[in-house]
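Participant: my questions are about this predicted structure, shown below with the sequence.
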Amino acid sequence: PPYCLAIFGTCVLVDYGNGLNVLKFLTYTQNFISDNSVPNFFPVGWSLSIEEQFYIVWPITLSILLHVSKNRYYVTIIASTIAFISWLLRIYLIHQEALLDRLYYGLDTKLDALMVGCTLGIVLSSGLVTENIKQYFRNFCIATTPLAAVCLLAFAAFGNKSDPGMYYFGFVVVNFLTAI
């Protein structure tokens, strides 16, 4: 409901009720259809679209994986492989001279960010690591969080989504800094 209110409010306040714009935001498909309108109707919608698409696909995928294999080790390997493939796809598309908007707004090319967190969640909740390792990880996170925060702020201030280097390793570094 808050999202729908925001869309409705934007339509009323900006007087921009283009039917296609409203439809793509209400169906969370904004990342598939570029919003080059003036004024830009609801610029954060692409991020919400990626997340909603992920929240539909991942639980189904995870349920199937857990049904097929009770071994959490294999599920962890598959989840991390999905992240790795997403990163490789991004690199492949860079070499194919894909538009940076395609790389930045696609679920398949942003999936690594979400899958790093999922993989970490599976590892920490599945009994694959001992309590000592979990405690070490907690202590590591506590000790490195200030540095990670500074690095993330630096990426936010100086990173440029138009820089191809961000698509090779920049976003991967951001993913791991965010996991801390």
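Facilitator: Here it is on my side, so go on.

Participant: and the strand or helix carrying residue 123, what does it pack against?
Facilitator: Using DSSP states H and E, residue 123 sits in helix 107-125. Counting by 3 or more Cβ pairs under 8 Å, 6 or more residues apart in numbering; DSSP states H and E, the packing neighbours recorded for helix 107-125 are helix 45-68, helix 72-95, helix 100-105, helix 171-179. Any C-beta I mention is one placed from the backbone N, CA and C, and that applies to glycine too.

Participant: what's the longest helix in this structure?
Facilitator: Ranked by residue count, the top helix of the chain under DSSP state H comes out as helix 131-158.

Participant: ok, then the element right after that helix?
Facilitator: Past helix 131-158, the next helix or strand by DSSP H and E is helix 164-165.

Participant: state the mean pLDDT of that next one.
Facilitator: Across helix 164-165, the average pLDDT comes to 88.

Participant: what are the contacting residues of it?
Facilitator: 94, 100 (Cβ atoms under 8 Å, 6 or more residues apart in numbering).

Participant: ok so, going back, report the buried residues of the helix holding residue 123.
Facilitator: Of the residues in helix 107-125, 107-116, 118-120, 122-123 count as buried by neighbour count, 16 or more other Cβ atoms under 10 Å.

Participant: between those, which is closest to residue 51?
Facilitator: residue 114 (7.7 Å; Cβ to Cβ).

Participant: now do that closest one against residue 56, distance only.
Facilitator: Remark: distance between residue 114 and residue 56 (Cβ to Cβ, to the nearest Å) = 12 Å.
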